[in-house]
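Chemist: Quick one, structure for this:
(2 chains)
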Amino acid sequence: MKILQQLFGSTIKRKKKEDHTHDNDNKVIVPLTASLNENIRQIENLFTDCEDVIKRRFPIGEEKKVWAYIIYVDSMADRQVVEQSVLYPLMVGVREVLPKIEDIQTSLLDFIKDGGMTTAEVKNIDNMNDVCNQVLSGDTVLMIDGYQQAIAISTKGFPNRGVEKPDTESVVRGSKEGFSESLRVNTVLIRRRIRDTKLKVKQKQAGIRSKTDIAIMYLEDIVRPKILEEVNQRLEDFKVDAILDSGHIEQLIQDDWKSPFPQIQITERPDKAASAILEGRIVIIVDNSPFVLLLPTTLNCFFQSSEDYYERWEIASFIRFIRYGAAFLATALPGLYIALTTYHLAMIPTNLMLSMAAAREGVPFPAIIEVLIMELAFELLREAGIRLPDPIGSTIGIVGGIIIGQAAVEANIVSPIIVIIVSLTAISSFAIPSHSLGVAFRLSKYMVIFLSSILGLYGFLISMLILIIHLSALKSFNIPYLAPYAALLPLYNNDYQDSLLRLPFFMKTKRPLFTRPDQRIRLRRKDPRKKK
Amino acid sequence: MYSMNDKVSTRQVKLILILDMFSVSVLILPRVTVEVARQDGWILVIGGTLLAFLYSWFIAQLVKKFPEETFVDFSGHIVTRPIGMLLSLFILLFFILSAAIKIRIFGELTKQILLPDTPIEFIIISLLLICTYLSRKGYECRARVAEILFPITLIPLILILLFAIPKVEIPNLAPFFQLSWKEFFSGSYYVSLTYITLILLLFSNAFVQPPNKSGGICRTSLLVVGLLKLSTVVMTIAIFGAKGTQRQIWPVMTLMQVIHLPASFIERQEALMMIFWLNTVFSIVSGYLYFSSVIVTKMIKSNEQFYLVLPLLPFIYILSLYPSDIIEVYNWQQWLRRKIGPIFLIVIPFLLWLIAKIRKVGATSEEKK
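Modeler: Residues are numbered from 1 along each chain as shown, chains lettered A, B, ... in the order given. Reported below is the predicted structural model:
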């Protein structure tokens, strides 16, 4: 025991080795001093073995008495901007202007900041933590001997793949732009669609190591203040190593971690994000992620595709209806089949029952095993196909289709009806516009299958009730998940217009329940006497 | 804004009440009324509903005096805490017994119709468990579930009633108005007792936002339920005739089997009936469970309500399996409805209202203004 204790004691001791430069939250606690040499020593110490960081010490002025120091990360800062807008004016330009450097020693820093930089975004920083942060986020930091301050010059210019077509939400009609990995590009894509001073972009950083930029965008006068407060609160609630994708944020701030149903919507489409903002929702953009979070969210939101609003209402309504039907089929179809064929054969019309019985002839397994074999085979195929490069991916599809569709039937392992049921279920689960919701329904399908196989139709109904209870209890940032189908206040009766059906555009005069109650009108006629 | 403290809107309470009042009782209502008044049975439904309006008026007047309080709280104010506790305890027992009986009847019928080979214990346990699941999610969730279930439950029933119209034979209802006054009153009184679920209002008023609307809530939901019950009874008598209805144990069930939906995919209509059935039983049992847990919580002054549903489960389960067969369950139900029901539905609300009026406890309408 003693040996063990000593062993652990020593490891603990070793772990607790004091870090003099960082505190518990990984903030740099080294002070910024007036002596340039001291600062350089500290920075060299902090950035030891960081060979991507470029540092240069150079003199300013004709007599080369004043020394300055510049630091930036290679390729994260735009080298051309650094050279032309920072180094050139300082090293060449300053020598030509009238007040000599030596005469204005006392106000040199402000002089350089105001007159020496030919870039727009320049600011003073006064501690080492900010110096490190700015450098690591792609800015250039300039220090001048004798000042306890430094200048951060915005020179961000890291590589980015630019605006491309979104992969997950392609549309037949509507904008083809998709978000990219750069936060700034993403905010621009939204700002371009809403040119309103009330569109606020609040930025903060999350992740004590990754220091990921997060932008919260909303329309100040439409958003519900309580929800905004709640979002800010939840974002402050955690300290995490790194935020690598918006998925991390989503999981940290969602309401119910036990639910398979997504409580925050994600999108790759700027027009969708913009329309969410216009409905009073809050958009969270996370740097390095093309997926943007929209909240609060209701189940209904996931059935809305941005295309719905660009098409005429009859088409959109029809498609909307089909999607809800698909959601039901994706959850219920295999369970219903099992319940009817194993327990209630008498409920199936005689002719259909006969043809089903003929198809099942010679199949050695009970219906539940058959369904499970096929469902799992389908999941395997999907999972295998998703990561492969396109050419091989299609091969998997063909191989799987032949093996499962044809060979398995001919070998009498499964009946053709099962193939129909399972493929219909699979197609339905992909007809739901949101991938994450589709997955949630696919998961709950197994619960339905299980209960139906032990309790027949009764079990099927029970599983449906469980789903209804679960969905009714869910909330997304205090907004009931099933709104507008349940929990609708009389004030928001208009929300029905954009649920199972999508009513004509001119009728949608009110914003949905995400908005502040006093800001609900979004469409009105200039001349109220004119009626359509 | 939506609150986190379990408040529901008046519209939601109406839907809950309608679902709760319109439960298993409607399935036997035609037979019971026909036994008393033959082809005039439907008149009893009207009389019974009118009586129920009267009861609901007293209940509404009573709870109006104590907005945001449940029965456990305000009965203590009116007739001192010990007596109030005793009354609450009786109501708790009544809830548990009613839930047990409802579940047993449901289990028996499900077994008979859908799952002849499954042990009834299994059916009862699974239903109890989902009711518990709902009760533990709180009253707000219960209201939302009711909103979703309402159309799912009533549409099949209304569909069936609509498709039954061609089979109606008016002569089955004639001759009209043959019942005596005595039959009318005793029959109406009996029918009015099927609205026993009104007493849930004694508790649910505390969760309604805004309060003091309970009068309107009662009126609307009683009207809807009364109309639905009336049309079901009229239809059943008109199709089977008085004698035919009397011979069926579950006349409405037979009605559903007799009619054929045009171009229906389902050979038999049990599925539709099951939906209707499961939903109403589920709604009422989870309601009983929820309010039982509310009573227990208030009585022992606990803060943690949701865990108190679980200790009630074994009692309900054992009670529901205690009667040996369906006939005995039915007798229990009759005893509970005829002997115990009136005490809670009529006597206690009326007395409490009277005492509160005399002792001037609780808010009056003048004070509120």
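Chemist: hey, let's count contacts and neighbours off CA atoms from now on
Modeler: OK.
Chemist: any idea how far residue A:221 lies from residue A:429?
Modeler: 38 Å (Cα to Cα, to the nearest Å).
Chemist: Can you report how many residues lie near residue 123?
Modeler: Looking at chain A here, since you left the chain open. Using other Cα atoms under 10 Å in any protein chain shown, residue A:123 is surrounded by 13 other residues.
Chemist: let's do chain B instead
Modeler: When neighbours are counted by other Cα under 10 Å, residue B:123 comes out with 21.
Chemist: With residue A:265 instead?
Modeler: 22.
Chemist: confidence score at the residue nearest to it when sequence neighbours are not counted?
Modeler: Distance criterion Cα to Cα, 6 or more residues apart in numbering or on different chains; nearest residue to residue A:265, sequence neighbours excluded, is residue A:294 at 5.0 Å. At residue A:294, the model reports a pLDDT of 94.
Chemist: got it, and the one 5 residues further on?
Modeler: We have a pLDDT of 92 for residue A:299.
Chemist: ok, back up a step: the residue nearest to residue A:265 looks like it's in a strand, true?
Modeler: Yes. Assessed with DSSP: H, G, I helix; E, B strand; the rest coil, residue A:294 lies in a strand.
Chemist: mind listing what it touches?
Modeler: By Cα atoms under 8 Å, 6 or more residues apart in numbering or on different chains, residue A:294 lies in contact with A:264-267, A:273, A:276, A:281-284.
Chemist: sorry, back to before: more neighbours, residue A:221 and residue A:429?
Modeler: Legend: neighbour count by other Cα under 10 Å for residue A:221 and residue A:429, higher for residue A:429 (25 against 14).
Chemist: Contact partners for the closest residue to residue A:519 other than its chain neighbours?
Modeler: Nearest non-adjacent residue to residue A:519, counting by Cα to Cα, 6+ apart: residue A:222, 5.9 Å away. Residues in contact with residue A:222, defined by Cα under 8 Å, 6+ apart, are A:278-280, A:515-516, A:519.
Chemist: In terms of secondary structure, what does whichever strand or helix holds residue B:275 contact?
Modeler: Assignment of secondary structure by DSSP states H and E places residue B:275 within helix B:270-299. On a contact count with 3 or more Cα pairs under 8 Å, 6 or more residues apart in numbering or on different chains; DSSP states H and E, helix B:270-299 meets helix A:435-473, helix B:10-21, helix B:71-79, helix B:81-113, helix B:120-136, helix B:139-164, helix B:251-258.
Chemist: got the buried residues for the longest one?
Modeler: For helix A:435-473, burial by neighbour count (16 or more other Cα atoms under 10 Å in any protein chain shown) applies to A:435-442, A:444-473.
Chemist: cool, and the fourth one?
Modeler: Counting neighbours by 16+ other Cα under 10 Å, one finds that the buried residues in helix B:81-113 are B:84-85, B:87-89, B:91-92, B:94-111.
Chemist: Surely residue B:222 touches residue B:53?
Modeler: Yes. The pair formed by residue B:222 and residue B:53 meets the contact definition of Cα atoms under 8 Å, at 7.1 Å.
Chemist: Tell me which of the two has more neighbours.
Modeler: Using other Cα under 10 Å, the more surrounded residue of residue B:222 and residue B:53 is residue B:222, with 24 against 19.
Chemist: ok, now how distant is the more buried one from residue B:55?
Modeler: 11 Å.
Chemist: got it, and residue B:359?
Modeler: Per Cα to Cα, residue B:359 is found 21 Å from residue B:55.
Chemist: who has more neighbours, these two?
Modeler: Taking other Cα under 10 Å, residue B:359 and residue B:55 do not tie; residue B:55 has more neighbours (24 against 11).
Chemist: Name the nearest residue to that one, ignoring sequence neighbours.
Modeler: Spatially, and ignoring its direct neighbours in sequence, residue B:55 is nearest to residue B:346 (6.1 Å; Cα to Cα, 6+ apart).
Chemist: Was I right to think residue A:146 contacts residue A:35?
Modeler: Yes. The pair formed by residue A:146 and residue A:35 meets the contact definition of Cα under 8 Å, at 5.6 Å.
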